[in-house]
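Asker: Structure here, sequence nowhere to be found:
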Ligand SMILES: *Cc1c(COP(=O)(O)O)cnc(C)c1O
């Protein structure tokens, strides 16, 4: 029984569930409600405050992480047109895919090499700032390079940050936390990649491994932090700080789109495809984009067919009250950043009105697309990050996508559309591992065309 109904009763009520439960690729769309943005507990003010906090830390980041100097201490990634990949996708389906295709390369974000460098680092900076201001170690107008001096680092050493993570969040928190002086403990699930654990330990973080799934690892971390006031828990399933750190990406994206002379307005829709785990990263980014572009941006989330936590929560309306395991889905996917059985406690609800749709992809598709992208553009992504590459195909080829375009009255504007694939990770993946991913994609393609 799930919320008082059997699975059969649920399926009768929501036919799409049958395909979701069988781990088939699906596309679900809905009509976004723009007024939903106004009813959220966070708004433009909080978004701007997040942008300002990032700015206060720019001088620190430039000093502690010189790789951020080229962007004046911003943790930013390139926005790239990917024409050849667009052509390749077009050829692979044999149908027109109107508009232009861009890749947002968070796979190459400085410091942590994944989208988690936005949320994870932001939350740790916020904590460091709060401790420093509350204790009078510095004032808000000081140069935050002070955070890189031994006096403050030593004081932060008496605080512990605890986080539960499938990998990338742990990495970003471990790297920034250790550099600021914090003790960092990362609880990891068994599906976390060995190289991520190794890298974290090298950064000075303590890694605790759990035989159970990710939610269990998070629960363990939360428990440990509750009993100790010098202990701070980064709650991936329930953190508005993470959410705002991701959301601030919208400001820079707006500038980058302008640099490429990409218009986003009534006549020029922007479609964005965001890989989704618990939902914090795609949710935060979608929230930021909606604040800036309103109804002209159409946000789609992507999940593996074997981990459709957000989709399941959304179509049933149960959000975090349902897990993929409840309907017998096994959570087996190589997209470790998306291997999540239960959505965030708040993101699903917040996205109810903002989201345009969610689609799911098989692991094979991830590998094929990541190989094609590498082959055409020389950009290497981890499997999770490749999920958005199928978005443009799904939008145009699925019935739900076509209906969405018609209902939103976008049919006449589709040639002026921009499709943006949010590539969420990859640059820290060791070469051997990356070669294995690429080889897998290549093999799958060769097999299917033989
Ligand atoms: C974490 C992660 C995501 C999804 O972020 P959530 O906040 O869990 O939804 C997507 N891609 C990669 C590579 C990630 O590490």
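Answerer: Happy to help now that I have it. Computed from a predicted structure; not experimentally measured.
Asker: which ones are touching the residue in the stretch 101-250 of the chain that the ligand sits nearest to?
Answerer: Proximity of the stretch 101-250 of the chain to the ligand (CB to the nearest ligand atom) peaks at residue 168, 3.3 Å away. C-beta here means a position set from N, CA and C on the backbone, and glycine is covered the same way. Under the criterion of CB atoms under 8 Å, 6 or more residues apart in numbering, the neighbours of residue 168 are 112, 114, 115, 116, 120, 196, 337, 425.
Asker: Keep those residues, but drop any that are not near the ligand.
Answerer: Filtering those for neighbours of the ligand using CB under 6 Å from any ligand atom leaves 114, 115, 116, 337, 425.
Asker: nearest to residue 25, of the residues you listed?
Answerer: residue 337 (18.9 Å; CB to CB).
Asker: quick one: pLDDT of the closest one?
Answerer: We have a pLDDT of 89 for residue 337.
Asker: Touching, it and residue 385? I think so.
Answerer: Yes: if you go by CB atoms under 8 Å, residue 337 and residue 385 touch, sitting 7.4 Å apart.
Asker: Between the two, which is the more surrounded one?
Answerer: Shown here are residue 337 and residue 385; by other CB atoms under 10 Å, residue 385 has more neighbours (33 against 26).
Asker: distance of that one from residue 275?
Answerer: According to CB to CB, to the nearest Å, residue 385 stands 6 Å off from residue 275.
Asker: which residues do these two both contact?
Answerer: 337, 424.
Asker: picking that back up, need the ones next to the ligand among the contacts of residue 168 in CSV with secondary structure and distance to residue 241, can you?
Answerer: Converted to CSV, these look like this (DSSP: H, G, I helix; E, B strand; the rest coil; distance: CB to CB, whole Å):
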residue, secondary structure, distance to residue 241
114, strand, 17
115, coil, 15
116, helix, 13
337, helix, 19
425, strand, 20
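Asker: Might you enumerate the residues of the stretch 51-200 of the chain proximal to the ligand?
Answerer: Residues of the stretch 51-200 of the chain that fall close to the ligand, judged by CB under 6 Å from any ligand atom: 114, 115, 116, 168.
Asker: same deal with the stretch 251-400 of the chain?
Answerer: Residues of the stretch 251-400 of the chain lying near the ligand (CB under 6 Å from any ligand atom): 275-282, 337-338, 382, 384-385.
Asker: wait, residue 380 sits on residue 370?
Answerer: Yes: with contacts counted by CB under 8 Å, residue 380 reaches residue 370, the gap being 7.4 Å.
Asker: which strands and helices sit next to the stretch of helix or strand residue 421 belongs to?
Answerer: Assigned by DSSP states H and E, residue 421 belongs to strand 418-423. The helices and strands touching strand 418-423, judged by 3 or more CB pairs under 8 Å, 6 or more residues apart in numbering; DSSP states H and E, are strand 100-105, strand 270-275, helix 391-397.
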